[in-house]
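Colleague: can't give you the sequence, but here's the structure:
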């Protein structure tokens, strides 16, 4: 069946968002979160400097009171924020990694804006009744989540990469994945049936979805530990992080809990007789994540694998949620309509 404008834009937004999640992971593993100390400019420029000589010290002096005020607001020592300290921390590679991450947010913003407009037009043409209203709410909600995520990104920088704020920033991205996935599933032509996957019911798929989200929550806690280790020890000591992380009770549960996800995915795949792409895609992503987890535990938290681990996890969340949406309801009926 030919995809509608809502579905095309929702799918595009999902792809762009996952790319942005990958980029955010690169920012974290390279310690580039403070590569740009200001916003919306970067070191006072819309095109950031490539060397320390290009940094405008007069701009830093002008903005220093604002930097100090932001630092104090989020529990940091304002006396630590000086022009000399900022210049010492300047790294052109980290600056451009963070700048690229910001640039990649622009296509996400544009795609979600267009998606919101198309959802509004679709609802107006359909008379604004029934399930079409969910498209309106989803389109507006997805665009608002982009705005909220951008504001949260500003807070992340102002707070000096406070762990809790970073986790909220990441959680918003995953929440948007849910909204966009719903819009992709629900945005069919009026009168057409929404995609249905034979086999397991929604409550059964919810078991897998719940396991995935629990695993994500534990992974976020482990990520906070790696962020702290990076701040305290630096990137050069990455190879020794696994020794400290392995002592964490959350890490031990996180590593073992992945088997529950694998078993649930195999069970649901068996019930669906492996028909369709989604059951096989989910199983493939689960296997990939488990393999990456094994590499991370044996290679000393390899940076590239850590980035892939975060991005693929986003893909798994979207795939499992789509499976839940397309599964039959408890009464045995379809979820389409």
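Modeller: Great, that's in hand. Predicted model only: the values in this text are computed from it and were never measured.
Colleague: Please make it C-alpha for all contacts and neighbour counts, starting now.
Modeller: Noted.
Colleague: hmm, who's touching the helix-or-strand element of the chain with minimal mean pLDDT?
Modeller: Least confident helix or strand of the chain, by mean pLDDT, DSSP states H and E, is helix 241-245 with a mean of 78. Here helix 241-245 makes contact (Cα atoms under 8 Å, 6 or more residues apart in numbering) with 222, 225, 226, 229, 251, 297, 300, 301.
Colleague: Any chance of a ChimeraX selection covering the buried ones in the residues you listed?
Modeller: This is how ChimeraX selects the buried members of the contacts of helix 241-245, with burial counted by 16 or more other Cα atoms under 10 Å:
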select :222,225,226,229,251,297,301
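Colleague: which residues touch residue 319?
Modeller: Here residue 319 is in contact with 278, 281, 282 (criterion: Cα under 8 Å, 6+ apart).
Colleague: most neighbours, which of those residues?
Modeller: Neighbour tally across the contacts of residue 319 (other Cα atoms under 10 Å): the maximum, 22 neighbours, falls on residue 282.
Colleague: That one and residue 320 touch, don't they?
Modeller: Yes. Here residue 282 reaches residue 320: they are 6.6 Å apart, a contact under Cα atoms under 8 Å.
Colleague: how close does the residue of the chain most remote from its centre get to residue 9?
Modeller: The outermost residue of the chain relative to its centre, with distances by Cα atoms, centre = their mean, is residue 58 at 36.0 Å. Using Cα to Cα, to the nearest Å, residue 58 is found at 44 Å from residue 9.
Colleague: Quick check: longest helix in the chain by residues?
Modeller: helix 92-126 (DSSP state H).
Colleague: helix, strand or coil for residue 170?
Modeller: The three-state label given to residue 170 by DSSP: H, G, I helix; E, B strand; the rest coil is helix.
Colleague: could you check the distance from it over to residue 148?
Modeller: 12 Å.
Colleague: Which one's more surrounded, the two?
Modeller: Ranked by neighbour count (other Cα under 10 Å), residue 170 and residue 148 place residue 170 first, with 18 against 15.
Colleague: Quick check: closest non-adjacent residue to residue 266.
Modeller: Leaving aside its sequence neighbours, residue 266 sits nearest to residue 283 (Cα to Cα, 6 or more residues apart in numbering; 7.0 Å).
Colleague: ok, that neighbour - contacts?
Modeller: Contacts of residue 283 by Cα under 8 Å, 6+ apart are 262, 265, 266, 269.
Colleague: CSV please, covering these and showing secondary structure, neighbour count and distance to residue 23.
Modeller: Below are these laid out as CSV (DSSP: H, G, I helix; E, B strand; the rest coil; neighbours: other Cα atoms under 10 Å; distance: Cα to Cα, whole Å):
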residue, secondary structure, neighbour count, distance to residue 23
262, helix, 21, 27
265, helix, 23, 28
266, helix, 18, 31
269, helix, 20, 31
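Colleague: Out of those residues, flag the one nearest to residue 16.
Modeller: Here the nearest of the contacts of residue 283 to residue 16, counting by Cα to Cα, is residue 265; it sits at 26.1 Å.
Colleague: Which one of the contacts of helix 241-245 is nearest to residue 63?
Modeller: Nearest to residue 63, judged by Cα to Cα, of the contacts of helix 241-245 is residue 229 at 29.3 Å.
Colleague: who touches that closest one in this structure?
Modeller: Counted by Cα under 8 Å, 6+ apart, residue 229 has contacts residue 241.
Colleague: For the helix or strand hosting it, what does the pLDDT average out to?
Modeller: Secondary structure from DSSP states H and E places residue 229 in helix 202-233. For helix 202-233, mean pLDDT rounds to 86.
Colleague: coming back round to it: is it true that the residue nearest to residue 266 lies in a strand?
Modeller: No. Assigned with three-state DSSP, residue 283 falls outside any strand and is helix.
Colleague: Buried ones in stretch 133-144, by neighbour count?
Modeller: Counting neighbours by 16+ other Cα under 10 Å, the buried set in stretch 133-144 is 133, 134, 135, 136, 138, 139, 140, 141, 142, 143, 144.
Colleague: Could you list the low-pLDDT ranges of the stretch 201-337 of the chain?
Modeller: Filtered on pLDDT under 70, the stretch 201-337 of the chain yields the residue ranges 236, 238, 329-337.
Colleague: what sits against residue 68?
Modeller: Here residue 68 is in contact with 78, 79, 81 (criterion: Cα under 8 Å, 6+ apart).
Colleague: hmm, 7 Å instead?
Modeller: Taking Cα atoms under 7 Å, 6 or more residues apart in numbering, we find residue 68 in contact with 78, 81.
Colleague: May I see the buried residues of the helix or strand harbouring it?
Modeller: Using DSSP H and E, residue 68 maps to helix 57-73. Going by neighbour count (16+ other Cα under 10 Å), the buried part of helix 57-73 is 57, 60, 64, 67, 68, 70, 71, 72.
Colleague: Residue 307: which of these is nearest?
Modeller: residue 71 (28.2 Å).
Colleague: Tell me how far the closest one lies from residue 26.
Modeller: 24 Å.
Colleague: before we move on, what about residue 15?
Modeller: Counting by Cα to Cα, the gap from residue 15 to residue 26 is 17 Å.
Colleague: Which one's more surrounded, those two?
Modeller: Counted by other Cα under 10 Å, residue 15 and residue 26 do not tie: residue 26 has more neighbours, with 23 against 15.
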